[in-house]
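>>> Need coordinates for the below:
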Amino acid sequence: MIKVMSFNIRMGLANDGINDWDFRKSLTLGRINEFAPDLLGIQECYDNEAQAGFLKQRLSGYKFIGVQRGGNSGAAMEMAPALFKKSGFKLLGSGCFWLSETPEQAGSLNWDASFPRTCLWLRLWHYNTNKILIFLNTHFDFQPTAIIGSTRVLRNWLRRNADMPLIVTGDFNTDKESESYRVLTKELMDTRPNNDYTFHDYGRIETGGPIDWILASAHFRIVQSRIDHYHENDVYPSDHYPLLAILDWQS
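Here you go, the predicted structure:
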């Protein structure tokens, strides 16, 4: 079994009142520890001591790998890091590409994207089964043309690695009626193929699109998937609910 979590934790610099990072960081950490994922894809993690440093220190059982997205904005130090349990996997290799027309160029920006966006991948040896897989985490831009362009870049990468077991986590900033969803689910299966929403804007949105996805190749079967709706009164772990899946290898 492999427990997978995708969690947009909302950038720690955001001014969110009672849901500022300092007020909710213990809840964020608590939801991660409660599920204890083997693989964890995080989006909107700011590379400073207050946010990334906090998680690194308190998630000491995990290997934390993140790459700043770059660019010229105040969010250049934002990352979409990938984490794995040190007790469960050995890192065989890793890499990062940008969602642009020049994916190997750090900080590259195309189409109508508001920010540079990354895909971070890890090649992992699973100790329990002696099998190798690739774990990828991403965060798409929210501009329509950038979403389509990013989808094509990711699809091409997936096809080049189609012989490998693949698990992908991400905030795709588009719903399951979109072209992006149709394209990517031709390559991989959706581990939660319904329209349960994940973005909720700290409880202010009760219906919406399921923009956070966990996708997997046919090497895996879905044992369980759910959304974690935990919050304490008006304080939430994030403005997104974390998405959880338990996968097993196909026989």
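
>>> could you pull out the helices for the stretch 1-150 of the chain?
Taking DSSP state H, counting those that start in this stretch as the test, the helices found in the stretch 1-150 of the chain are 21-35, 54-58, 144-160.

>>> okay if I get those as CSV plus distance to Ser114 and mean pLDDT?
Any C-beta I mention is one placed from the backbone N, CA and C, and that applies to glycine too. Below are the helices of the stretch 1-150 of the chain laid out as CSV (distance: least, Cβ to Cβ, whole Å; pLDDT from 0 to 100):
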stretch, distance to Ser114, mean pLDDT
helix 21-35, 21, 98
helix 54-58, 25, 98
helix 144-160, 8, 98
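
>>> how about CSV for those helices, with mean neighbour count added?
Output for the helices of the stretch 1-150 of the chain, formatted as CSV (neighbours: other Cβ atoms under 10 Å):
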stretch, mean neighbour count
helix 21-35, 17
helix 54-58, 16
helix 144-160, 18
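
>>> Same list (those helices) but as CSV, adding distance to Asp171.
Output for the helices of the stretch 1-150 of the chain, formatted as CSV (distance: least, Cβ to Cβ, whole Å):
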stretch, distance to Asp171
helix 21-35, 15
helix 54-58, 17
helix 144-160, 11
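
>>> between these, which one is nearest to Gly95?
helix 144-160 (10.0 Å; Cβ to Cβ).

>>> quick one: contacts of that closest one?
97, 99-101, 103, 110-114, 117, 119, 138, 140-141, 166, 168, 172-174, 178-180, 183-184, 187-188 (Cβ atoms under 8 Å, 6 or more residues apart in numbering).
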